[in-house]
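Novice: Test case, fold it:
(chains A and B)
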Amino acid sequence: MKIGATLLELLDGVSKKHYTHEEIHDYFLKRIKSYDAELNTYVTTQDVSSGFPLAIKDNFCTNGIQTTASSNVLRGFIPPYDATVVAHLKKAGFGVLGKTNMDAWAHGSSTETSDFGVTKNPGDTSRVAGGSSGGSAAAVAAYLAPASIGSETAGSIRQPAAWCGVVGLKPTYGRISRYGVVAMGSSWDCPGPITSTVKDAAYLLEILSGHDPFDATSSAEQPEQYLEKINDGEKLTIGVAESYFENLDAAFTAPILEAIDVLKKMGHSVKPISLLKPQYAISVYTILQRAEVSSNLGRYDGVRYGHGRDAFGEEAKRRVMLGTYTLSHGYYDAYYKKAEKARQLIIADFERAFTECDVLVGPTTPCVATKIGEMDAYPFFGELMDQMNEPAAAAGIPAINVPVGLCESMPVGMQIMAPRLRELRLLQVAHTFELETGFFGVREHILNKYPQI
Amino acid sequence: MSSNLTKKQIEHLARLSNLTLSSSEEEKIADQFDKTLDYVSNLDELDTSASRDSYHMSGKHDIFFKDGEPNTRALDVAKMPSTTVISAKRYFVVKKIL
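Specialist: The predicted model follows:
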């Protein structure tokens, strides 16, 4: 089996009977056994193949397989049902290779809040993989999975994808069902694929999307044929989110600006677009997400599942407390209601921007992956590292991270954002960009560190 | 927007949150509260007077199951997780609160 073969190439190999899904499962298990002791991308692995292997973030309920959300509260919890995402994947012939590490309850941007240890960055193991879907992104980058499923509240797919040098797609809020996902911020949470190519992401999005009667917020709008139409892209007007570049290091933004030049040379029209500063989205996210967390984590009392509330880590306690405060009598108007209203301004800001351009581009993160332990130096680590992701998350619009090069030998990511439910447009731009640049060899740079066994 | 919460208020919030905090956790959280609330006060710079009080991302409203629809989400009690305690009458067992 060729190292680095994409999901679609492997599926093609199975359909042509070059190998079986059991052989692919064993191939990845061997790589996990060799490399994961150091990287720590998985919480649980499955010894026996039950379909074409995929890595699933450990906050998706998997029938009969431990689901912890990387928290001691849920250590040992074995769900009696599948999340809709998992059910869709099984119906399409996929099985669970393993459950990937994450920040506990998805609270964080580095996996350092995981009760199962930090996931290290495959590009440099002294650095974090990002988060909260750090295990999912690192597993794809080091080829410990052909592809993975992550989830994003505000950056948890795009940010680790950027730091690990892979593709991460956050779809429109409601495009993919949240049923069976350990809830964090219910008005924000979006499952999505993390892959090595844009076509793999398009393929998985098609399987995962669609209305779910078990999730009242899932979209009734029919998904498109993302893979079949991926080559039908047109020349677009691409807006550059100027405010996202403020105060960033020039060496870090250089590959992103170069990528924008490539888009221009490909025939797209590029223009600067003024957007609200991401700092407002940080505040909206901080208030609303904590409020929703305090409500969602209320169910973990050790009665119906999991262990008692004493098992919560520091970060979860901090978030629950702040959420309880902002929702409490006397403070609700000043915080929760104010943030709800400000969120509408962010939505309106994007709607205005999309009258001037077809998609928006900007950096996915403010810097490359941070060193392990650096989180402690920032009181707002997660919010700062996700600051470019929070506006699109607040507005519920789709966005994708694509690798655009290296800085300090670490991957740099650019995000492309589109109007609600316009995932196809995102995928088309990202795919042609990949064909044009090969993502500047970022993937090979990482994969060389994890050779064939 | 600013907090400067007293120890008593932190304890009250912890009780509302059903959390038991150590003294050091209380101190740390109080400090972080102030920093967080200072930061989010930047929302005061925005004019939100034209925004609605309530909003949902999906734009949907009034979603109900129809009467008589089978509840296919219901789980089998026999398959409940091993960490749960269920009585002989198939109720979850909880601690006495009175």
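Novice: The stretch 351-453 of chain A: strands as residue ranges?
Specialist: A:359-363, A:399-407, A:410-417 (DSSP state E, counting those that start in this stretch).
Novice: closest one to chain B among those?
Specialist: Closest approach to chain B among the strands of the stretch 351-453 of chain A is made by strand A:399-407 (14.7 Å; C-beta to the nearest C-beta). For glycine as for every other residue, the C-beta is placed from the backbone atoms N, C-alpha and C.
Novice: For that closest one, what is the distance to the chain centroid?
Specialist: 13 Å (C-alpha atoms, centre = their mean, to the nearest Å).
Novice: still on that earlier bit, export the strands of the stretch 351-453 of chain A to a markdown table and tack on distance to residue B:24 and mean pLDDT?
Specialist: Below are these laid out as a markdown table (distance: least, C-beta to C-beta, whole Å; pLDDT from 0 to 100):
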| stretch | distance to residue B:24 | mean pLDDT |
| --- | --- | --- |
| strand A:359-363 | 37 | 98 |
| strand A:399-407 | 38 | 98 |
| strand A:410-417 | 35 | 98 |
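Novice: Quick one: closest of these to residue B:42.
Specialist: Nearest to residue B:42, of all the strands of the stretch 351-453 of chain A, is strand A:359-363, at 19.9 Å by C-beta to C-beta.
Novice: got the angle for that closest one vs strand A:399-407?
Specialist: Our comparison of strand A:359-363 with strand A:399-407, counting by axes from the mean of the first three to the mean of the last three C-alpha atoms, to 10 degrees, yields an angle of 40 degrees.
Novice: burial measure for the residue nearest to residue A:252 when sequence neighbours are not counted, as a count.
Specialist: Ranked by C-beta to C-beta, 6 or more residues apart in numbering or on different chains and with sequence neighbours excluded, the top spatial neighbour of residue A:252 is residue A:407, at 5.0 Å. Using other C-beta atoms under 10 Å in any protein chain shown, residue A:407 is surrounded by 17 other residues.
Novice: Could you do the one 3 residues further on as well?
Specialist: The criterion is other C-beta under 10 Å. On that basis, residue A:410 has 22 neighbouring residues.
Novice: and the residue nearest to it when sequence neighbours are not counted, how far is that from chain B?
Specialist: Among residues not flanking residue A:410 along the chain, residue A:368 sits closest, at 3.9 Å (C-beta to C-beta, 6+ apart). Remark: distance between residue A:368 and chain B (C-beta to the nearest C-beta, to the nearest Å) = 24 Å.
Novice: Tell me both backbone torsions, phi and psi, for residue A:368.
Specialist: Main-chain torsions, residue A:368, degrees, to the nearest 10: phi -80, psi 170.
Novice: Contacts only, for it.
Specialist: Contact partners of residue A:368, counting by C-beta atoms under 8 Å, 6 or more residues apart in numbering or on different chains, are A:127, A:163, A:252, A:407, A:408, A:410, A:411, A:412.
Novice: for chain B, what are the low-confidence residue spans?
Specialist: Chain B contains residues with pLDDT under 70 at B:1-3.
Novice: okay, which residue is most central for it?
Specialist: With distances taken as C-alpha atoms, centre = their mean, residue B:17 lies nearest the centre of chain B, 7.5 Å away.
Novice: Hmm, that one is touching residue A:321, no?
Specialist: Yes: with contact defined as C-beta atoms under 8 Å, residue B:17 counts as touching residue A:321 (5.7 Å).
Novice: Touching both of those two, which residues are there?
Specialist: Common neighbours of residue B:17 and residue A:321 (C-beta under 8 Å, 6+ apart) are residue A:294.
Novice: Can you pull the residues of the stretch 1-150 of chain A lying near chain B?
Specialist: Applying C-beta under 8 Å from any C-beta of the partner chain, we find that the stretch 1-150 of chain A lies next to chain B at A:76, A:77, A:78, A:79, A:80, A:81.
Novice: Just put these in TSV and tack on neighbour count, pLDDT and secondary structure.
Specialist: Output for those, formatted as TSV (neighbours: other C-beta atoms under 10 Å in any protein chain shown; pLDDT from 0 to 100; DSSP: H, G, I helix; E, B strand; the rest coil):
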residue	neighbour count	pLDDT	secondary structure
A:76	14	92	coil
A:77	21	93	coil
A:78	17	93	coil
A:79	22	93	coil
A:80	15	91	coil
A:81	18	93	coil
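Novice: ok, and the most crowded of the contacts of residue A:368?
Specialist: Using other C-beta under 10 Å as the neighbour criterion, residue A:163 leads the contacts of residue A:368 with 35 neighbours.
Novice: Just the helices from the chain, written as ranges.
Specialist: Chain wasn't specified; assuming chain A. Counting by DSSP state H, chain A has helices at residues A:7-15, A:21-39, A:84-91, A:134-141, A:158-164, A:198-208, A:250-265, A:278-296, A:314-327, A:338-356, A:381-385, A:390-395, A:423-437, A:442-447.
Novice: Actually, chain B is the one I wanted.
Specialist: For chain B, the helices defined by DSSP H occupy B:7-16, B:23-40.
Novice: Can you spell out which helices and strands pack onto the last one?
Specialist: So the one you mean is helix B:23-40. If you count contacts as 3 or more C-beta pairs under 8 Å, 6 or more residues apart in numbering or on different chains; DSSP states H and E, helix B:23-40 packs onto helix A:278-296, helix A:314-327, helix B:7-16.
Novice: and of these, who's closest to residue A:62?
Specialist: Comparing the helices and strands packed on helix B:23-40 against residue A:62 with C-beta to C-beta, the closest turns out to be helix A:278-296 (19.4 Å).
Novice: Quick check: which helices or strands does that closest one pack against?
Specialist: Secondary structure elements in contact with helix A:278-296, counted by 3+ C-beta pairs under 8 Å, 6+ apart, are helix A:314-327, helix A:338-356, helix A:381-385, helix A:390-395, helix B:23-40.
Novice: Now tabulate these in TSV and tack on distance to residue A:288 and mean neighbour count.
Specialist: Compiled in TSV, the helices and strands packed on helix A:278-296 are given as follows (distance: least, C-beta to C-beta, whole Å; neighbours: other C-beta atoms under 10 Å in any protein chain shown):
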stretch	distance to residue A:288	mean neighbour count
helix A:314-327	9	24
helix A:338-356	5	19
helix A:381-385	12	23
helix A:390-395	8	28
helix B:23-40	10	16
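Novice: ok so, going back, can the helices and strands packed on helix B:23-40 go into TSV with extra columns for distance to residue A:203?
Specialist: Converted to TSV, the helices and strands packed on helix B:23-40 look like this (distance: least, C-beta to C-beta, whole Å):
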stretch	distance to residue A:203
helix A:278-296	30
helix A:314-327	34
helix B:7-16	46
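Novice: among the helices of chain A, which is nearest residue A:238?
Specialist: Among the helices of chain A, the nearest to residue A:238 by C-beta to C-beta is helix A:250-265 (5.7 Å).
Novice: number of nearby residues for residue B:73?
Specialist: So residue B:73, with other C-beta under 10 Å, has 11 neighbours.
Novice: can you check residue B:60 too?
Specialist: The tally of other residues near residue B:60 (other C-beta under 10 Å) stands at 13.
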